[in-house]
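Colleague: What shape does this take:
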Amino acid sequence: MISSFKTDRPSRLRTPVVYAWMCVGIAIVFLSSCQRKDVNSVSDSTLRFQIIGDWGTDSPEQRAVATRLNAQAEADGSQFTLSVGDHFYPNGVSSATDSRWQSSFLDVYAGYVTRRDWFAILGNHDYYGNAQAQIDYAARSSIWRMPARYYSFTKALDDREVLFVCLDTNPFAAEFAGGKSPDVTKQDGPRQLRWADSVLTASRATWKIVLGHHPIYSAGFHGDTPDLKRLLLPILKKHKVTAYLCGHEHDLQHIEQEGIHFVVSGAGGQTRLGGDNRPVAFQEKQKAGYAFMTLSTDTLRCKFYDAGGNVLHRFTQVRK
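Modeller: This next block holds a predicted model:
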């Protein structure tokens with residue numbers, strides 16, 4: 001099974017001859033895909049994937065989490081990774097050929113998970129470097145999936161599908177309001193929100209899951225993101241999104257509010273104390289780790305793991 005992507009890139013008119021050649025090419029790709037086994041193919045009844053963010057620290061914590069991630073993902077038959085931003089500290093990468101793609105990503109996670117897709121979104125530290133380079137790298141990589149700054153993809157689940165909407169939340173972060181990254185200030189936040197609303201409106205998916213780097217709700221060091229609460233949350237509620245997955249906070253959190261599960265998985269490379277200590281379903285500020293999610297047609301299950309393989313928290317959501 002091949003994931004389908006949607007982005008907000010403008011279409012271009014093509015001549016009939018070019019269009020005809022494109023059709024031939026598409027047919028060849030389709031026929032060839034039917035003759036090979038896709039390593040990211042999934043079973044008919046279950047999706048299994050890990051959620052990890054804020055990992056590019058080149059730290060002992062990152063390597064410990066990576067070792068556990070590989071072992072647990074292989075044991076559970078994970079099919080892909082959702083990477084929720086801040087892939088390289090402190091200043092992203094400089095290009096699609098930056099040496100840190102090898103040293104901080106492929107070498108660290110070498111094993112089972114680097115034989116499966118990584119669907120990635122941009123974090124604030126990714127913008128401190130060359131954000132476009134992470135999109136360009138997707139054209140060179142067999143596993144790095146970032147076709148645009150924001151995009152969506154679907155996965156089959158029995159005769160239904162799961163929708164993943166992958167956002168670039170950086171235009172809504174106050175830290176960039178003063179022009180900290182000129183690249184961020186060029187991004188059209190309202191257009192992105194209209195696009196997200198339209199994708200969610202058109203979808204008939206069994207589960208709708210949204211990814212963004214910054215949390216909407218958080219009891220961590222950074223706390224809530226006011227613009228996301230004001231602008232994005234109403235869209236999630238309108239379309240009955242099941243879960244919002246993010247990082248940014250260097251901790252692990254589960255907050256259930258507004259009928260939505262907010263999963264913070266930003267402890268892939270380091271942890272950070274702080275926050276307002278509001279009551280939440282779960283929070284871990286001292287142990288590095290990640291989240292793992294399983295979806296069937298009727299049930300969502302999520303576990304939070306530390307680098308030692310201990311399950312720190314779990315929750316279940318039955319589809320309404």
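Colleague: who touches stretch 162-170?
Modeller: For stretch 162-170, contacts defined as CB atoms under 8 Å, 6 or more residues apart in numbering pick out 47, 82, 119, 121-124, 127, 149-155, 176, 181, 184, 187, 192, 196, 199-200, 203, 205-214, 225, 228, 232, 246, 295. In short, each C-beta sits where N, CA and C put it, glycine included.
Colleague: how long is it end to end?
Modeller: 25 Å (CA to CA, to the nearest Å).
Colleague: And that stretch, how far out from the chain middle?
Modeller: 7 Å (CA atoms, centre = their mean, to the nearest Å).
Colleague: for stretch 95-114, same thing?
Modeller: Distance, stretch centre to chain centre, for stretch 95-114: 17 Å (CA atoms, centre = their mean).
Colleague: likewise stretch 182-189?
Modeller: The answer for stretch 182-189 is 20 Å, by CA atoms, centre = their mean.
Colleague: got the residue ranges for the helices in the stretch 101-250 of the chain?
Modeller: 107-109, 124-127, 131-138, 182-185, 189-202, 226-231, 233-238 (DSSP state H, counting those that start in this stretch).
Colleague: okay, the ones you listed, which one's buried deepest?
Modeller: Greatest average neighbour count among those goes to helix 124-127 (a mean of 24), per mean count of other CB atoms under 10 Å.
Colleague: Against which helices or strands is that helix packed?
Modeller: Contact partners of helix 124-127 among helices and strands, from 3 or more CB pairs under 8 Å, 6 or more residues apart in numbering; DSSP states H and E: none.
Colleague: With only the CA atoms kept, save it in PDB.
Modeller: Written as PDB, here are the backbone C-alpha positions of helix 124-127 (Å, rounded to 0.1, in the frame of the first residue of the first chain):
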ATOM      1  CA  ASN A 124      11.300  26.000  15.500                       C
ATOM      2  CA  HIS A 125      15.000  24.800  15.600                       C
ATOM      3  CA  ASP A 126      14.600  23.400  12.100                       C
ATOM      4  CA  TYR A 127      13.800  27.000  11.000                       C
END
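Colleague: Could you tell me the least trusted of the helices of the stretch 101-250 of the chain?
Modeller: Lowest mean pLDDT of the helices of the stretch 101-250 of the chain: helix 182-185, a mean of 91.
Colleague: Other residues contacting that helix?
Modeller: 127, 131-132, 170-171, 173, 176, 179.
Colleague: List buried residues within the contacts of stretch 162-170.
Modeller: Buried subset of these (neighbour count, 16 or more other CB atoms under 10 Å): 47, 82, 119, 121-124, 127, 149-155, 176, 181, 184, 187, 192, 196, 199-200, 203, 205-214, 225, 228, 232, 246, 295.
Colleague: among these, which are in strands?
Modeller: 47, 82, 119, 151-155, 207-211, 246, 295 (DSSP state E).
Colleague: per-residue pLDDT, the residue lying closest to Gly247 once chain neighbours are set aside?
Modeller: Using CB to CB, 6 or more residues apart in numbering and skipping residues adjacent in sequence, the residue nearest Gly247 is Gly53, 2.5 Å away. According to the prediction, Gly53 has pLDDT 98.
Colleague: wouldn't Gly53 be in contact with His213 here?
Modeller: Yes: at 7.1 Å, Gly53 counts as touching His213 under the criterion of CB atoms under 8 Å.
Colleague: which residues are common contacts for those two?
Modeller: Any residue near both Gly53 and His213 by CB under 8 Å, 6+ apart counts here, and that gives 84-86, 123, 246-248.
Colleague: and those as a markdown table, adding pLDDT and distance to Val280?
Modeller: Output for those, formatted as a markdown table (pLDDT from 0 to 100; distance: CB to CB, whole Å):
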| residue | pLDDT | distance to Val280 |
| --- | --- | --- |
| Val84 | 98 | 18 |
| Gly85 | 97 | 21 |
| Asp86 | 97 | 21 |
| Gly123 | 97 | 22 |
| Cys246 | 98 | 14 |
| Gly247 | 97 | 16 |
| His248 | 96 | 16 |
